[in-house]
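Q: Just the structure for this:
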Amino acid sequence: MKRTAILACLLLAQPALAQVALTSPGNGSNHYLNTTIQVRVDCRNTPALRKVELYVDGVLHGRSSLEPHRWSLDTGSTAQWRTLRAVADYGSAGTVEDLIQIQVAGVAPALPVKTVTYVGVDLDVTDFRNGVDYGNDGYWFPQFNASGPRSGKPTEDNHRSALPTWAGPMTHMLIHELWKFPQRTFSQDGPTKSKGGFASWNQFTLPNGEVGLSGIAFDPHGRDNTSQTVNRIMLGAGTPRSFYLRVVVDNTDLRHNPVLKIRARGDHKGVSIDPATYPQPGLAGFNGTADVYTFRYDGFEPGDFVKIQFGGMAGSTNNGGSGGSSFAGLMFDAIPNPQQPALPPNPAPQSQQPQQSPQSAPSTSAATTAAPITQASGGASGGGGGGGCALGAEPADGVSLAFLMLLLLVPVALRGR
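A: Modelled structure (predicted):
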């Protein structure tokens with residue numbers, strides 16, 4: 001009886017193994033030849049996680065030790081099934097993996113006419129991960145989680161930059177750095193500054209799960225005027241044929257909000273591409289809780305760039321009339337390709353689990369986001385990947401393996417009395 005009890009206790013004390021999930025692209029998804037896709041492995045910040053490795057057709061493609069775990073992948077010039085395997089190393093707890101396959105076939109059609117379309121707004125959204133699952137391809141948030149009030153700081157001060165490989169980087173420029181002028185990101189890159197650390201402003205949950213006090217990029221040139229607050233975000237190799245740009249505003253307790261208009265635009269070889277309509281919320285459109293305005297970009301290519309024009313106000317309810325325009329963050333989400341030509345059926349991939357590893361977590365569908373519903377309150381729109389790495393995994397039936405073993409051992413112990 002004593003030996004049996006000791007064995008049962010040891011089983012119950014076993015640390016639960018972790019999980020890893022390839023959340024984008026989707027298992028069995030179709031992709032064109034010679035295109036670049038974004039690979040996302042969802043592994044939330046667990047202390048035991050040492051690194052995540054991505055293998056493509058058995059060859060190491062990349063390694064990551066910090067979130068977000070994302071890589072760009074060229075689909076190649078051969079029609080074939082390709083195997084993607086993510087392996088998470090948890091040190092003494094072992095390794096776990098997830099494995100998916102994608103099919104590559106067909107030639108992408110010619111780029112569509114370049115257009116920018118205003119899609120809609122999600123009202124009162126502060127959780128960009130669980131609330132709407134936005135920013136899966138990348139994001140930028142200024143002056144995030146400052147330890148105390150800060151004003152007039154450079155735009156890169158205390159920012160959270162996880163821009164996609166195909167957009168950016170943000171080019172921050174001081175007045176004496178004229179050599180950066182052709183690539184500058186912000187209006188004059190002197191008047192536009194970051195501000196944050198105010199307790200009355202919204203707390204955000206970023207796409208990577210980080211929680212903190214929000215900040216803004218503030219443009220005084222938008223005071224009772226219109227200013228090209230974001231002059232350019234360069235688009236580079238791997239730019240999706242279609243993507244969403246999401247602009248976060250109205251997080252500042254009615255201070256420094258762009259209330260006249262928000263117009264996201266594009267530029268192709270010096271030609272400005274504007275949306276046919278754009279939001280003009282007015283003062284009544286803001287209540288001090290963040291809103292997310294979504295614009296869709298189609299047909300843009302490397303060498304083009306994104307720009308955003310804000311219309312500000314002369315003053316606001318609480319800021320003493322200083323006025324200006326601001327935004328609280330930018331997020332990017334690629335829109336998946338339409339249905340591709342199918343390859344012959346392929347058997348389901350067989351994941352080879354290392355020792356100490358549980359069955360790999362099933363892959364979710366591609367981490368894509370639906371367009372928001374105009375004036376949809378509470379940020380209910382959007383879908384996407386929901387996988388994650390979490391210690392404490394259980395079998396599919398919800399009953400722990402240690403508990404099952406204990407149930408089996410108790411009768412044996414009783415018979416031995």
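Q: and His221, how many neighbours does it have?
A: Neighbour count of His221, defined by other Cβ atoms under 10 Å: 17. C-beta here means a position set from N, CA and C on the backbone, and glycine is covered the same way.
Q: show me where pLDDT drops low in the stretch 1-150 of the chain?
A: Within the stretch 1-150 of the chain, the stretches with pLDDT under 70 are 1-18, 44-46, 111.
Q: rerun that using 80 as the cut-off
A: 1-19, 43-48, 66-68, 93, 108-112, 131 (pLDDT under 80).
Q: Spatially, which residue comes closest to Ser151, not counting chain neighbours?
A: Once flanking residues are discounted, Ser151 sits nearest to Lys195: 4.8 Å by Cβ to Cβ, 6 or more residues apart in numbering.
Q: Now the one you found: which helix or strand?
A: For Lys195, the element it lies in under DSSP states H and E is strand 193-196.
Q: Touching that strand from outside, list them.
A: Residues outside strand 193-196 that contact it (Cβ atoms under 8 Å, 6 or more residues apart in numbering) are 142-146, 149-159, 213-218, 256, 326.
Q: at 7 Å what do you get?
A: Defining contact as Cβ atoms under 7 Å, 6 or more residues apart in numbering, one finds that strand 193-196 is touched by 142-144, 146, 150-155, 157, 213-218.
Q: thought Val125 was touching Gly135?
A: No - counting by Cβ atoms under 7 Å, Val125 does not reach Gly135; the two are 11.5 Å apart.
Q: can you give me the helices for this protein?
A: Secondary structure of the chain (DSSP state H): helices at 2-13, 401-415.
Q: Identify those among the contacts of strand 193-196 that sit within strands.
A: The strands, defined by DSSP state E, take in 150-153, 213, 215-218 from these.
Q: possible to save these as CSV with distance to Gly285 and neighbour count?
A: Formatted as CSV, the ones in strands among the contacts of strand 193-196 follow (distance: Cβ to Cβ, whole Å; neighbours: other Cβ atoms under 10 Å):
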residue, distance to Gly285, neighbour count
Arg150, 27, 17
Ser151, 25, 12
Gly152, 27, 9
Lys153, 28, 19
Leu213, 23, 20
Gly215, 21, 30
Ile216, 17, 28
Ala217, 20, 29
Phe218, 19, 29
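Q: JSON lines please, covering these and showing distance to Val271.
A: Below are the ones in strands among the contacts of strand 193-196 laid out as JSON lines (distance: Cβ to Cβ, whole Å):
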{"residue": "Arg150", "distance to Val271": "38"}
{"residue": "Ser151", "distance to Val271": "37"}
{"residue": "Gly152", "distance to Val271": "35"}
{"residue": "Lys153", "distance to Val271": "34"}
{"residue": "Leu213", "distance to Val271": "40"}
{"residue": "Gly215", "distance to Val271": "33"}
{"residue": "Ile216", "distance to Val271": "30"}
{"residue": "Ala217", "distance to Val271": "26"}
{"residue": "Phe218", "distance to Val271": "29"}
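Q: Would you point out the most distant pair within those residues?
A: Across the ones in strands among the contacts of strand 193-196, the longest distance by Cβ to Cβ is 17.6 Å; it joins Gly152 and Leu213.
Q: Could you spell out the sheet neighbours of the strand holding Lys195, each with its direction?
A: Take DSSP bridges as the rule and strand 193-196 pairs in its sheet with strand 150-153 (antiparallel), strand 215-219 (antiparallel).
Q: quick one: contacts for Gly324?
A: Counted by Cβ under 7 Å, 6+ apart, Gly324 has contacts 218-220, 222-223, 256, 312.
Q: Report the lowest-confidence entry in these.
A: The member of those with the lowest pLDDT is His256, at 76.
Q: Phe332 versus that residue, what's the distance?
A: 24 Å (Cβ to Cβ, to the nearest Å).
Q: Same check on Tyr297?
A: 9 Å.
Q: okay, and the common contacts of those two?
A: Joint contacts of Tyr297 and Phe332 (Cβ under 7 Å, 6+ apart) are 243, 245.
Q: If we ignore the residues flanking it in sequence, what's nearest Leu84?
A: Ile100 (5.3 Å).
Q: I'd say the one you found and Val20 touch.
A: No - taking Cβ under 7 Å as the definition, Ile100 is not a contact partner of Val20, at 11.7 Å.
Q: what about the stretch 301-417 of the chain, any weak spots by pLDDT?
A: Counting by pLDDT under 80, the ranges of the stretch 301-417 of the chain that qualify are 313-323, 336-417.
Q: 70 instead?
A: Residue ranges of the stretch 301-417 of the chain with pLDDT under 70: 315-321, 337-417.
Q: Give the buried residues for stretch 289-299.
A: Neighbour-count burial for stretch 289-299 flags 290-299 (criterion: 16 or more other Cβ atoms under 10 Å).
Q: per-residue confidence averaged over that stretch?
A: Here stretch 289-299 scores 95 as its mean pLDDT.
Q: hey, what's His268 bridged with?
A: Taking DSSP bridges as the rule, His268 bridges to Val271.
Q: Against Met170, how distant is it?
A: Taking Cβ to Cβ, one finds His268 at 20 Å from Met170.
Q: Same drill for these two, tell me which one is more crowded.
A: Legend: neighbour count by other Cβ under 10 Å for His268 and Met170, higher for Met170 (22 against 15).
Q: Was I right to think the more buried one contacts Gln183?
A: No - at 10.0 Å, Met170 does not count as touching Gln183 under the criterion of Cβ under 7 Å.
Q: burial count for Arg255?
A: When neighbours are counted by other Cβ under 10 Å, Arg255 comes out with 22.
Q: wouldn't Leu163 be in contact with Phe141 here?
A: No - applying Cβ under 7 Å, one finds Leu163 not in contact with Phe141, separated by 10.9 Å.
Q: Pull out the buried positions in stretch 54-62.
A: The neighbour-count check on stretch 54-62 (16+ other Cβ under 10 Å) flags 54-56, 61-62 as buried.
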